[in-house]
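Undergrad: Okay, here's the prediction I keep looking at, along with the sequence it came from:
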Amino acid sequence: MSGAPAKSGKGKLIGIIAGVLIVVVALVFAGITLWGDPFATPDGTVKYVLNGLADNKPEVLWEAMPASYKQTLNDELKKSMANVDPEVHKQTFVVLQKLTGLLKNKKTLILEAANSSAQQGDGPPGEVLPPEVTENWDNIVGILDIMVGSKVADADWVQNPDLGVLLKEDGGKLMSSPHLEKLLNMALAEGGDPDAPEDMAQLRKWIKGIEVTVVSSEETTAKVKLSSTDFKIPEGEGELDMVKVEERWLPKEVAMGLDQVIAQLKQAVPMGSLADTKMTAQQKEVTLNFLKTVDGVLDAIDKQETAENMMQAAMGGLGGLALQFGQLQGAFPNMGIAGGNPGSFPDGNPGGVTGTSTLPGLPPPSKLPAGRQINWTINGGKKRIDQLYLSQPEATIQKAFGEPDSKEGAYWIYKNMTVRNIAGGGTMTKVYFGIQNGVVVDIQARP
């Protein structure tokens with residue numbers, strides 16, 4: 001070759017490009033041989049998923065699933081979405097998107113109104129919203145913005161959904177959001193656990209540094225062990241039993257119980273089981289009326305130019321929504337909030353007592369009845385227990401507060417309550433409900 005004539009610079013460049021293209025094509029066709037299938041082995045599968053999640057790519061979870069599992073999950077979502085009335089679906093996202101826009105565009109007025117309300121009666125003198133609310137307002141709204149703009153909001157998409165696309169595009173956008181990053185960093189900083197990562201950047205580094213080794217392996221079963229030099233994995237928690245299904249290695253719990261996984265997802269999502277059946281005509285009517293009422297309240301709030309007027313519009317709207325809540329409860333008698341009891345709407349009263357949601361990984365909710373967990377007021381304020389439950393049936397009191405701690409004559413007595421006396425000052429810890437003929441006729445709060 002030393003005797004060949006020298007090529008021009010342009011000729012050399014073309015030759016280099018051609019050579020590179022040949023190499024690239026060869027590598028693409030030989031890729032499976034050079035790099036291997038990440039799902040061919042149990043340890044490779046786990047490592048691939050861990051690295052993908054650390055890179056904010058939730059679609060790796062979908063890639064790791066067998067084809068039949070993907071089909072089942074897509075079919076389940078499609079079946080559920082088919083049961084959702086198109087008008088209800090559309091109006092739901094109209095409300096959610098309008099709420100998100102209101103929180104974004106009226107931030108200053110909303111915070112001013114909320115602080116004013118807190119100072120006037122909902123809390124001790126001088127109490128205002130925690131600084132964390134103001135500091136993280138934009139982050140929370142940013143996350144809401146991603147969620148209400150996701151593919152689930154598209155009525156056409158939900159008729160033929162693809163969870164893989166949802167995970168990759170909307171899930172990836174959420175995981176990569178700087179808003180979510182800031183909130184998670186704050187949670188890690190406030191956790192107080194010296195063994196926890198300092199921030200999400202360190203957590204991602206730790207996840208990528210996890211070593212996965214095969215402890216034992218047979219044709220369709222295996223056990224892998226996770227270890228790390230960055231953090232300590234408790235003894236017995238770093239091992240995974242894996243099962244091979246359709247050329248994919250899955251954790252045993254997933255491989256042997258896809259139906260249970262689907263059921264758990266529905267339980268984890270508030271009201272997630274509602275889409276199992278179609279709405280009746282009455283349920284549709286009641287739901288649309290509620291959503292349209294909320295829509296109207298949001299419009300009324302959005303039109304206000306002062307914090308005082310905004311608060312008045314909100315309080316007026318909530319009065320109308322109380323009736324709507326009661327109608328919803330009647331239309332959906334078995335509907336509760338995840339972790340709560342069936343029918344855990346406000347029990348037909350204006351007090352807004354609701355069930356408590358439970359999400360995976362969070363501590364369980366308090367076992368106390370919802371009414372005992374609220375900071376009430378008496379003789380003034382916004383959450384007046386002496387007004388909200390006056391003339392209510394005793395069944396409402398029992399449902400909201402549970403069985404009384406004791407009884408004195410016609411009075412049911414509840415202890416360990418928190419009731420601020422607006423007119424007389426001080427905080428009361430006992431509430432007396434005077435009941436005659438099954439109806440509350442007197443309400444008192446005492447130290």
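TA: That came through fine. Keep in mind it's a predicted model, so treat the numbers as computed, not measured. Residues are numbered from 1 along each chain as shown.
Undergrad: mind giving me the domain split of this structure?
TA: The chain resolves into domains spanning 10-36, 43-268, 362-447 when parsed by automatic domain parsing.
Undergrad: any weak-confidence spans in the stretch 201-350 of the chain?
TA: 257, 260-276, 319, 333-350 (pLDDT under 70).
Undergrad: switch the cut-off to 80
TA: Low-confidence segments of the stretch 201-350 of the chain (pLDDT under 80): 235-236, 253, 255-278, 315-350.
Undergrad: Would you map the strands across it?
TA: 211-217, 221-227, 239-245, 248-251 (DSSP state E, counting those that start in this stretch).
Undergrad: Of those strands, which stretch is the most buried?
TA: Comparing these by mean neighbour count (mean count of other C-beta atoms under 10 Å), strand 248-251 comes out on top with a mean of 21. All C-beta spots, glycine's among them, are computed from the backbone N, C-alpha and C.
Undergrad: That one packs against which elements?
TA: helix 42-54, strand 239-245 (3 or more C-beta pairs under 8 Å, 6 or more residues apart in numbering; DSSP states H and E).
Undergrad: In TSV: the domains of the chain, plus distance to residue 301.
TA: Formatted as TSV, the domains of the chain follow (distance: least, C-beta to C-beta, whole Å):
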stretch	distance to residue 301
domain 10-36	56
domain 43-268	7
domain 362-447	16
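Undergrad: wait, which of the ones you listed is closest to residue 310?
TA: domain 43-268 (4.8 Å; C-beta to C-beta).
Undergrad: what's the single longest helix in the chain?
TA: In the chain, with assignment by DSSP state H, the single longest helix is helix 307-331.
Undergrad: List the buried residues of it.
TA: For helix 307-331, a neighbour-count test (16 or more other C-beta atoms under 10 Å) marks 307, 310-311, 313-314, 317, 321, 324-329, 331 as buried.
Undergrad: How about stretch 162-175?
TA: The neighbour-count check on stretch 162-175 (16+ other C-beta under 10 Å) flags 162, 163, 164, 166, 167, 168, 170, 171, 172, 174, 175 as buried.
Undergrad: and the fifth one, what does it touch?
TA: Taking C-beta atoms under 8 Å, 6 or more residues apart in numbering as the definition of contact, the neighbours of residue 167 are 58, 59, 61, 62.
Undergrad: Could you list every helix and strand in contact with the helix or strand containing residue 400?
TA: Assigned by DSSP states H and E, residue 400 belongs to helix 394-401. Contacts defined by 3+ C-beta pairs under 8 Å, 6+ apart place helix 394-401 against strand 411-414, strand 430-436, strand 439-446.
Undergrad: Kindly present those as JSON lines, with separate columns for mean neighbour count.
TA: Compiled in JSON lines, the helices and strands packed on helix 394-401 are given as follows (neighbours: other C-beta atoms under 10 Å):
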{"stretch": "strand 411-414", "mean neighbour count": "18"}
{"stretch": "strand 430-436", "mean neighbour count": "19"}
{"stretch": "strand 439-446", "mean neighbour count": "16"}
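Undergrad: got the ones you listed as TSV, with mean pLDDT and distance to residue 195 columns?
TA: Shown next, in TSV, are these (pLDDT from 0 to 100; distance: least, C-beta to C-beta, whole Å):
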stretch	mean pLDDT	distance to residue 195
strand 411-414	95	41
strand 430-436	94	43
strand 439-446	93	45
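Undergrad: Turn these into JSON lines, including distance to residue 150.
TA: What follows is the helices and strands packed on helix 394-401, written out as JSON lines (distance: least, C-beta to C-beta, whole Å):
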{"stretch": "strand 411-414", "distance to residue 150": "43"}
{"stretch": "strand 430-436", "distance to residue 150": "44"}
{"stretch": "strand 439-446", "distance to residue 150": "45"}
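Undergrad: quick one: residue 296 from residue 77, how far?
TA: With the distance defined as C-beta to C-beta, to the nearest Å, residue 296 ends up 31 Å from residue 77.
Undergrad: Same drill for these two, tell me which one is more crowded.
TA: The residue with more neighbours, out of residue 296 and residue 77, is residue 77; 19 against 13, by other C-beta atoms under 10 Å.
Undergrad: Now tell me what touches the host helix or strand of the more buried one from outside.
TA: Per DSSP H and E, residue 77 falls inside helix 67-82. By C-beta under 8 Å, 6+ apart, the list of residues contacting helix 67-82 from outside reads 62, 65, 158-164, 245-246, 258, 262, 275-276.
Undergrad: Now restrict the residues you listed to buried residues only.
TA: Here, 16+ other C-beta under 10 Å leaves 62, 65, 158, 161, 162, 163, 164, 245, 258, 275 buried among the contacts of helix 67-82.
Undergrad: Turn these into CSV, columns for distance to residue 228.
TA: Output for the buried ones among the contacts of helix 67-82, formatted as CSV (distance: C-beta to C-beta, whole Å):
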residue, distance to residue 228
62, 26
65, 26
158, 40
161, 36
162, 34
163, 30
164, 29
245, 27
258, 29
275, 40
